[in-house]
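# can't give you the sequence, but here's the structure:
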C-alpha cells in the first residue's frame, strides 16, 4: 500500500521533527512546533488541537524555507524575529544578542535589592535588545532607566521593544561606549551583561551562537575580563552613595578572577544561575 502524502498539521510536524533531528538540531520537536506555529498563526498547544488541519501550498513552502534555515544552524529566535524574556516577547535580529533565560536572574536580583527604594535611576550598559532595561522599567513603574549601547542598530531594536511594551517614556536610549554617554550622571543601580567570552574561546561556541550572533556582544577581543577590569576601576564614580551594581559574567571559570577584581568593594555577593553555576556579582557603594 503506498504511503499517504502529508497533508495536515501533524503530518508536516512529524516530518519536520525527523528532518531537524537527522541534522543534529537540538530540541527538534520544540523548534518544529515554534516554526509551524508561526507559519499557520497558532500557539504550540493549538497545533495539537487542530492536528488534522490541512496546510495550504503557501504554508507548506514557507514552512520548508523556515526549516531549511533552522537546519543550517540559524537560531530559531532570529528566524521568528522574537524571543521570550521574563514573560514578555522581545523582538530580536542579528544586530543583538539573543537574551538568555539565565539573565532573568540578574533582573530578579536587581528588583529584589531595589525594594523600598523610591524612583530609582538605573543604568543598563550594553543593552542590546533592551531586555534588561525594558523589563526593569516594566516591573518598576516608578523607575527611570538609561540604556546604552555602542551599536546604533541594537538601540533601534531596543527602542522598538520599549515602545511596544509601553515603557518608552521611562527608558532613555543613548549610543556610545560604556559610561561615555552618561558623563556627569550618577545612578542608584547599574546593571550589565557585557561581552565576556575570550577571543581565543570563540571557536568553541556552538555554530548557532558564534556564527550568527554579533561578535561584539560575545567577546571583548581579549581574555573576556576587559570590561570587568574597567568596571572595577570606575564603577564607584557612577553610583550614588548606597548604590549597587549587578553584573553577569562567564560562569565558574571566571569566578575567581571576578572576585579578585571586586574584592575591595562593599558587600560583594556572588549569585548562581538556574544551573547552579556562579554567574552574577553584585556589590554596593558605601553610604558615606
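The structure has been received and is ready for your questions. Values in this document were obtained by computation on a predicted structure and should not be read as measured data. Numbers count the residues shown, from 1 in each chain.

# what's the lowest-mean-pLDDT helix or strand in the chain in contact with?
Across the helices and strands of the chain, mean confidence by mean pLDDT, DSSP states H and E is lowest for helix 207-210: a mean of 71. Under the contact criterion Cβ atoms under 8 Å, 6 or more residues apart in numbering, helix 207-210 has outside partners 73-75, 202-203, 218. The C-beta positions use only the backbone N, C-alpha and C, and glycine is treated the same way.

# could those go into JSON lines alongside neighbour count, distance to residue 65 and secondary structure?
Converted to JSON lines, the contacts of helix 207-210 look like this (neighbours: other Cβ atoms under 10 Å; distance: Cβ to Cβ, whole Å; DSSP: H, G, I helix; E, B strand; the rest coil):
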{"residue": "73", "neighbour count": "16", "distance to residue 65": "15", "secondary structure": "coil"}
{"residue": "74", "neighbour count": "17", "distance to residue 65": "11", "secondary structure": "coil"}
{"residue": "75", "neighbour count": "21", "distance to residue 65": "16", "secondary structure": "coil"}
{"residue": "202", "neighbour count": "14", "distance to residue 65": "29", "secondary structure": "helix"}
{"residue": "203", "neighbour count": "7", "distance to residue 65": "29", "secondary structure": "helix"}
{"residue": "218", "neighbour count": "18", "distance to residue 65": "27", "secondary structure": "helix"}
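
# centre of the chain to stretch 161-173, how far?
17 Å (Cα atoms, centre = their mean, to the nearest Å).

# could you list the buried residues of it?
For stretch 161-173, burial by neighbour count (16 or more other Cβ atoms under 10 Å) applies to 161-162, 165, 167-168, 170-173.

# same check on stretch 181-192?
Quick answer for stretch 181-192 (16+ other Cβ under 10 Å): 181-182, 186-192.

# mind putting these into TSV with distance to residue 239, pLDDT and secondary structure?
Below are the buried residues of stretch 181-192 laid out as TSV (distance: Cβ to Cβ, whole Å; pLDDT from 0 to 100; DSSP: H, G, I helix; E, B strand; the rest coil):
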residue	distance to residue 239	pLDDT	secondary structure
181	16	95	helix
182	12	95	helix
186	6	96	coil
187	6	97	strand
188	8	96	strand
189	8	97	strand
190	6	97	strand
191	12	97	strand
192	13	97	strand
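
# what is the nearest of those residues to residue 225?
residue 192 (13.5 Å; Cβ to Cβ).

# skipping adjacent residues, who's closest to that closest one in space?
Leaving aside its chain neighbours, residue 192 sits nearest to residue 125 (4.1 Å; criterion: Cβ to Cβ, 6 or more residues apart in numbering).

# does that neighbour have beta-bridge partners, and which?
residue 148, residue 192 (DSSP bridges).

# that one: what's it in contact with?
148, 178-179, 190-192, 194.

# is it true that residue 79 touches residue 71?
No: using Cβ atoms under 8 Å, residue 79 makes no contact with residue 71, being 10.9 Å away.

# and the nearest residue to residue 248 once chain neighbours are set aside, how many neighbours?
Nearest residue to residue 248, sequence neighbours excluded (Cβ to Cβ, 6+ apart): residue 193, at 4.1 Å. Residue 193 is flanked by 25 other residues according to other Cβ atoms under 10 Å.

# same thing with the one 3 residues further on?
Residue 196 has 21 neighbours, counted by other Cβ under 10 Å.
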